[in-house]
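**Q** Here is a sequence together with a model predicted from it:
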Amino acid sequence: MQYDVVVVGAGPVGATAARYAALNGASVLLIEEHASVGSPVGCTGLLSTRAISECDVEPTNDFVLNSVRGAHVYSPNENCLPIDGGKIKAYVVSRKIFDRKLVKMAVDAGVDVSIKTRAVGLDRSKRLQKLSVLQDGVSKTITSNVIIGADGVRSNIAQMSGLGQVQKVLSGIQIEAPYSSNDTGFVELFMGSQAPGFFGWTVPVNDKVSRIGLAVPLGSESHAVQYLNDLLNSNQGVSARYGGGALDIVYGGIPLGPLEKTVADGVLIVGDAAGQVKPTSGGGIYTGAACAKIAGEVAAAAATEEDASENRLNEYEKRWRAKLGRELNIGMKIHEFMGGLSDAELDELLGSMNTPAILDMITEYGDMDHPSILIKKLLSPTNSRQMMNVFWAFAKAVL
Ligand SMILES: Cc1cc2nc3c(=O)[nH]c(=O)nc-3n(C[C@H](O)[C@H](O)[C@H](O)COP(=O)(O)OP(=O)(O)OC[C@H]3O[C@@H](n4cnc5c(N)ncnc54)[C@H](O)[C@@H]3O)c2cc1C
């Protein structure tokens with residue numbers, strides 16, 4: 001088997017990278033180790049409107065289950081900061097159907113797909129790559145000019161290429177469960193020691209069922225399961241509305257802080273595999289898809305030129321960092337800053353944001369894909385002294 005480009009991993013990012021490589025004239029093979037695309041699911045499926053359009057799809061009823069316009073953010077003392085985006089900001093989707101849709105779009109663009117095909121070895125050079133796979137248990141070698149590693153948080157391809165690891169991995173857990181939503185237009189976020197170092201969430205699928213989960217840094221004091229049990233049973237607001245049991249359970253790692261380098265001779269790394277995930281939310285579809293398009297274009301061009309050297313592929317690194325690098329860096333600093341606050345400090349911070357002026361500003365400038373825009377507005381000298389006091393620490397830590 002010989003292709004211009006082989007993409008490892010048929011998640012949303014791999015499917016998009018494969019499609020863009022094919023649209024740019026390359027012969028492309030997309031391989032997936034599982035027997036089924038989009039399964040198992042490791043995601044809440046809360047996709048910003050921008051994330052969906054970045055994937056070149058319309059938010060249609062076949063995969064959209066609910067729409068969301070804001071968040072109720074609960075401080076550790078269970079006070080609520082109501083953030084209303086004023087219009088649809090995100091959709092709650094079936095990731096299984098969404099992922100399959102993206103792979104179908106790749107196939108329509110001319111991509112070959114091989115399921116039950118796991119990449120197990122890689123022999124790289126500046127021109128031809130030899131990828132060893134187990135296809136339905138049988139060893140094979142696939143040759144290609146360029147390999148795109150879109151193989152998720154535990155990326156083999158990044159490791160086999162000597163590109164190391166992302167800066168940090170969170171351990172995420174979530175159940176889909178009976179839960180009476182107060183308002184299906186709002187997600188709920190739980191800050192502080194209920195999910196130290198990140199946050200907990202409920203995301204309504206409808207008024208009777210929500211996805212309830214949290215993430216904590218790997219190596220936290222307790223296991224994520226314990227924190228989830230506590231959220232379900234000890235948080236008064238949650239326990240009063242949780243109906244018990246679970247319809248589904250999801251575990252997964254959330255990589256934060258991109259790889260220092262995402263290219264090597266013959267190889268590009270993209271999506272979760274590269275740590276291209278928003279550190280403030282753990283969302284990786286918008287960022288991953290944006291980078292996947294660049295990866296597909298550069299891989300196709302490099303294959304046509306028969307130059308897969310790191311030097312040639314570096315165009316990908318430069319372009320994705322120019323588009324998203326600064327936002328991911330600022331996001332990482334916000335993540336570290338918020339994770340370092342005590343419950344009392346979080347109570348004070350969120351409490352002091354609960355004023356009409358600040359809530360209006362969040363409505364106007366809040367952007368789940370670009371939180372730095374809001375932070376800058378909150379820090380504007382035209383804001384009141386009280387607000388400046390609240391955010392001075394942000395300024396020092398983040399900018
Ligand atoms: C609990 C949780 C909740 C989340 N919620 C959200 C959310 O609401 N919104 C959001 O935007 N993001 C969310 N994310 C993050 C999101 O799921 C990821 O950013 C996204 O799936 C990344 O896509 P990807 O294509 O890079 O990787 P993946 O979706 O992980 O796909 C990688 C694919 O590669 C395959 N693969 C791996 N190794 C090999 C191999 N050696 N050979 C062949 N195939 C291989 C895997 O089977 C998989 O199909 C969440 C993550 C977690 C853990």
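**A** Nice, thanks for sending it over.

**Q** so what's Val169 up against?
**A** Each residue near Val169 by CB atoms under 8 Å, 6 or more residues apart in numbering is listed here: Val153, Pro217, Leu218, Gly253, Ile254, Pro255, Leu256. Every residue, glycine included, has its C-beta placed from N, CA and C.

**Q** Look up the pLDDT of it for me, please.
**A** pLDDT, Val169: 95.

**Q** quick one: secondary structure of Ala301?
**A** Put simply, Ala301 is helix when judged by DSSP: H, G, I helix; E, B strand; the rest coil.

**Q** Pop out the phi and psi values for the residue nearest to it when sequence neighbours are not counted.
**A** Closest residue to Ala301 apart from its sequence neighbours, by CB to CB, 6 or more residues apart in numbering: Asn24 at 6.7 Å. The phi and psi values for Asn24, taken as degrees, to the nearest 10, are phi -100, psi 20.

**Q** Same check on Ser181?
**A** Dihedral angles of Ser181 (phi, psi; degrees, to the nearest 10) stand at phi -80, psi 140.

**Q** Distance check, the residue lying closest to Ser281 once chain neighbours are set aside against Asn182.
**A** Using CB to CB, 6+ apart and skipping residues adjacent in sequence, the residue nearest Ser281 is Met368, 6.0 Å away. Distance from Met368 to Asn182, counting by CB to CB, to the nearest Å: 20 Å.

**Q** Check Ile254 too.
**A** Here the criterion is CB to CB. By it, Ile254 lies 26 Å from Asn182.

**Q** go on, Val64?
**A** Val64 is 21 Å from Asn182, by CB to CB.

**Q** which of those two has more neighbours?
**A** Val64 (19 against 14; other CB atoms under 10 Å).

**Q** The residue in the stretch 201-350 of the chain that the ligand sits nearest to - how many residues pack around it?
**A** Residue nearest to the ligand within the stretch 201-350 of the chain: Gly284 (2.0 Å; CB to the nearest ligand atom). Neighbourhood size, Gly284 [other CB under 10 Å]: 26.

**Q** wait, it sits on Gly271?
**A** Yes - with contact defined as CB atoms under 8 Å, Gly284 reaches Gly271; the gap is 6.4 Å.

**Q** hey, what's in contact with both of those two?
**A** Applying CB under 8 Å, 6+ apart, one finds that Gly284 and Gly271 are jointly contacted by Val13.

**Q** low-confidence ranges in this protein?
**A** For the chain, the stretches flagged by pLDDT under 70 are 220-221, 379-399.

**Q** near the ligand, which residues of it?
**A** Residues of the chain lying close to the ligand by CB under 6 Å from any ligand atom are 8-14, 31-34, 42-47, 51, 118-119, 150-152, 156, 172, 174, 213, 250, 252, 254, 271-273, 277, 282-285, 288.

**Q** Assign the residue nearest to Ser281 to helix, strand or coil.
**A** coil.

**Q** picking that back up, quick check on the residues of the chain next to the ligand: which are buried?
**A** By neighbour count, with 16 or more other CB atoms under 10 Å, the residues of the chain next to the ligand hold 8-14, 31-33, 42-47, 51, 118-119, 150-152, 156, 172, 174, 213, 250, 252, 254, 271-273, 277, 282-285, 288 as buried.

**Q** contacting residues for the closest residue in space to Arg124 that isn't next to it in sequence?
**A** Of all residues not flanking Arg124 in the chain, Gly266 sits nearest, at 4.1 Å (CB to CB, 6+ apart). Neighbour list for Gly266: Arg124, Ser125, Lys126, Leu128, Gln129, Asn145, Val146, Ile147, Ser161, Ala308, Leu313 [criterion: CB under 8 Å, 6+ apart].
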